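Participant: requesting a structural model of the entry that follows:
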Amino acid sequence: MAKLEVTLVLVAVWGFLAVRGTLYHDCKYTASDGSVYDLSLLRAHHRGERNMATDDKGQEYFWNLCESIEDARFHTDFEKPCPRHAWVCQRTTNGNTKDCGGEEVTYSDGELGPSKGITIHMAEGDLGCNDIRRQTTIHLECGDDSEPRILEVGECHYMIEYSSRMACPKAY
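Facilitator: Numbers count the residues shown, from 1 in each chain. Next up, the predicted model:
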């Protein structure tokens, strides 16, 4: 079975954001089988809401599925704010913040199939790890709510896995 991938091109024009692909401003994604995901319910606007977790090294991660953390007016109590344009922000144990992806965002059908979830890949984050740009892959499954699990799966490549009833396709 072929895996459908959609790459979004984000262009700022006079303060407006133009998006090409199947994800629109209303934060919807259409899978290869026609299933429609409305991710707007999974937006995060404040620290303490959904879309935050700590890895086994004690580093904190915050992410937004529809726009950059800055565009969502995502508020943290960090001394150092999250980098501009980051869709995923990492706060290291020493308090520094890193952009872990968001300049290039790709949505695709989930690993379990098009009606079972969605995969979001956020690339082109800050340089680090032997001059490799940070990137994050989020596997979001349709199911009972679970705590996000964060893994570093390669040099500067993070994976976030979790499930949510709000990540199930909608019947339109």
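Participant: CA atoms for contacts and neighbours, from now on please.
Facilitator: OK.
Participant: tell me the contacts of the residue positioned nearest the centre of the chain?
Facilitator: Note on the chain: the residue nearest the mean C-alpha position is residue 65, at 4.4 Å, using CA atoms, centre = their mean. Contacts here follow CA atoms under 8 Å, 6 or more residues apart in numbering; on that basis residue 65 touches 39, 40, 42, 43, 87, 120.
Participant: so which of these is the most crowded?
Facilitator: Top of the contacts of residue 65 by neighbour number is residue 87, holding 29 neighbours under the definition other CA atoms under 10 Å.
Participant: direction included, what does the strand ranked longest in the chain pair up with?
Facilitator: Longest strand of the chain, by residue count under DSSP state E: strand 113-123. Under the criterion DSSP bridges, strand 113-123 sits next to strand 104-110 (antiparallel), strand 135-142 (antiparallel) in its sheet.
Participant: before we move on, the earlier item: okay, the contacts of residue 65 in a markdown table with pLDDT next?
Facilitator: Supplementary listing: these in a markdown table, determined by pLDDT from 0 to 100:
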| residue | pLDDT |
| --- | --- |
| 39 | 84 |
| 40 | 83 |
| 42 | 80 |
| 43 | 74 |
| 87 | 87 |
| 120 | 91 |
